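Chemist: Quick check, what structure comes out for this input:
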Amino acid sequence: GGGQRVLDALLILCKKGGVRILRESPVRSLKIRNGRVERLVTAIEELEAERYIVTTGGKSYPRTGSTGDGYRFAAQAGHTVVEPTPALVPVRTQETWVKLARGYNLRNVRLTVTVNGEKAEERFGEMEFTNFGVSGPIVMELSSRIPDWMARGTVRFSIDLKPALDLRQLSDRVVRAGALRDLVPGPLIPLILELSDVPSDKPAAYVSPEEQSDLATLLKNIVLTVNGLWGFNHAIVTRGGVSLREIEPGTMRSKLCDNLYFAGEVLDLNGPSGGFNLQICWSTGYVAGRAGHPEKAAPPA
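Modeler: Sure thing, here's the model as predicted:
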């Protein structure tokens, strides 16, 4: 896939640049004296260099090797590490009925977040139900703010399946529909049945006005109670990391350690979904790499 092509391109560039890649030799620690890194201790040997760049990533997807080692190296150099938490991650809910429609992709829905009953945020777009809650682009974009909201009180999601219609228009649509299956996609019917008292095979002519009103209200307001996030295993990025106050933005160099640089997700820097987090990695890596070669550090004319 795309990831393999990116990796291949990077490996070709490394080969061209004479980069030596050491496998099976995890870094144990940095030896620091008088505000400089003297050497790097690996499981196999000790290495000396003029400059050191920490690009270990965050704690997301630990099976790829990003287990938070970079935070340890930063702390050895005296850096402040902002508590890492999962970001761009699926959300867990108290309600278990979500699994009735798991995997179904909801398009063009409106998601409203309330904290203690007060509206905190709103998103429009795609999301999906999972075994344990909800996921998808609009949910993941909100996920990094959920710990802060939960610290303030009860967090609820309200899903409007028909944001283009107001309640009255939707009630009319319910009346005109021959049955529930004419109103909502098949995969959602078990979930709607669970939440309403209307049998799926009940002809529209027999649905009472109260049932019509309740059904329209439900389609405009499916309520979920948030009870946390999935862990780092499912997070696309990490929120938190090496404090930006201790990094020179023009070079990515540590303000505490002369020949130490940081780039990528190990920094306390993350953005929304849509390529922003990859761009953070490319840009900070490029700046740190050029700064490490003074003859290249000046931008091209």
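Chemist: low pLDDT regions in the stretch 51-200 of the chain?
Modeler: 61, 200 (pLDDT under 70).
Chemist: show me where it has strands.
Modeler: For the stretch 51-200 of the chain, the strands defined by DSSP state E, counting those that start in this stretch cover 52-54, 81-87, 91-93, 105-115, 118-129, 133-135, 155-160.
Chemist: tell me the contacts of the spatially most central residue of the chain?
Modeler: Nearest residue to the geometric centre of the chain (C-alpha atoms, centre = their mean): Leu88, 1.0 Å. Neighbour list for Leu88: 140-141, 143-144, 235-237, 270, 272-273, 277 [criterion: C-beta atoms under 8 Å, 6 or more residues apart in numbering]. Every C-beta, even on glycine, is put in place using the N, C-alpha and C of the backbone.
Chemist: so what's the residue nearest to Thr112 when sequence neighbours are not counted up against?
Modeler: Leaving aside its chain neighbours, Thr112 sits nearest to Ser158 (4.5 Å; criterion: C-beta to C-beta, 6 or more residues apart in numbering). The contact partners of Ser158, by C-beta under 8 Å, 6+ apart, come to 111-114, 221-224.
Chemist: The protein: helices as residue ranges?
Modeler: 2-16, 69-76, 137-143, 146-152, 167-176, 189-195, 209-220, 276-291, 294-297 (DSSP state H).
Chemist: now the second one, how far from the centre of its chain.
Modeler: What that stands for is helix 69-76. Relative to the chain's own centre, helix 69-76 is displaced by 22 Å; criterion: C-alpha atoms, centre = their mean, to the nearest Å.
Chemist: Also the longest one?
Modeler: Between the centre of helix 276-291 and the centre of its host chain there is 19 Å, according to C-alpha atoms, centre = their mean.
Chemist: tell me the mean pLDDT over that helix?
Modeler: The average pLDDT within helix 276-291 is 92.
Chemist: So which elements touch that helix?
Modeler: Applying 3 or more C-beta pairs under 8 Å, 6 or more residues apart in numbering; DSSP states H and E, one finds that helix 276-291 contacts strand 52-54, strand 260-262, helix 294-297.
Chemist: cutoff 6 Å now
Modeler: Counting contacts by 3 or more C-beta pairs under 6 Å, 6 or more residues apart in numbering; DSSP states H and E, helix 276-291 packs against helix 294-297.
Chemist: average pLDDT across the helix it packs on?
Modeler: Averaged across helix 294-297, pLDDT comes to 59.
Chemist: and if you look at stretch 244-262?
Modeler: Stretch 244-262 shows an average pLDDT of 96 in the prediction.
Chemist: do the same with stretch 217-230
Modeler: Here the average pLDDT along stretch 217-230 is 94.
Chemist: Mind listing what's buried along that stretch?
Modeler: Residues 218-220, 222, 224, 226, 229-230 are the ones in stretch 217-230 that count as buried (16 or more other C-beta atoms under 10 Å).
Chemist: can I get the residues you listed in a markdown table with distance to Val27?
Modeler: Formatted as a markdown table, the buried residues of stretch 217-230 follow (distance: C-beta to C-beta, whole Å):
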| residue | distance to Val27 |
| --- | --- |
| Leu218 | 55 |
| Leu219 | 54 |
| Lys220 | 54 |
| Ile222 | 48 |
| Leu224 | 43 |
| Val226 | 38 |
| Leu229 | 29 |
| Trp230 | 29 |
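Chemist: quick check, nearest of those to Asn259?
Modeler: Checking these against Asn259 with C-beta to C-beta, the nearest one is Leu229 at 37.1 Å.
Chemist: Thought Thr93 was touching the closest one, still the case?
Modeler: No. Between Leu229 and Thr93 there is no contact under C-beta atoms under 6 Å: 11.0 Å.
Chemist: Neighbours of Phe129, how many?
Modeler: 27 (other C-beta atoms under 10 Å).
Chemist: do the same with the one 4 residues further on
Modeler: A count of neighbours around Gly133, defined by other C-beta under 10 Å, yields 25.
Chemist: show me what contacts it?
Modeler: When contacts are counted by C-beta atoms under 6 Å, 6 or more residues apart in numbering, Gly133 touches 91-93, 98.
Chemist: swap in Glu126?
Modeler: Contacts of Glu126 by C-beta under 6 Å, 6+ apart are 107, 136-137.
Chemist: between those residues, which is nearest Pro209?
Modeler: Closest to Pro209, out of all of those and judged by C-beta to C-beta, is Arg107, at 29.9 Å.
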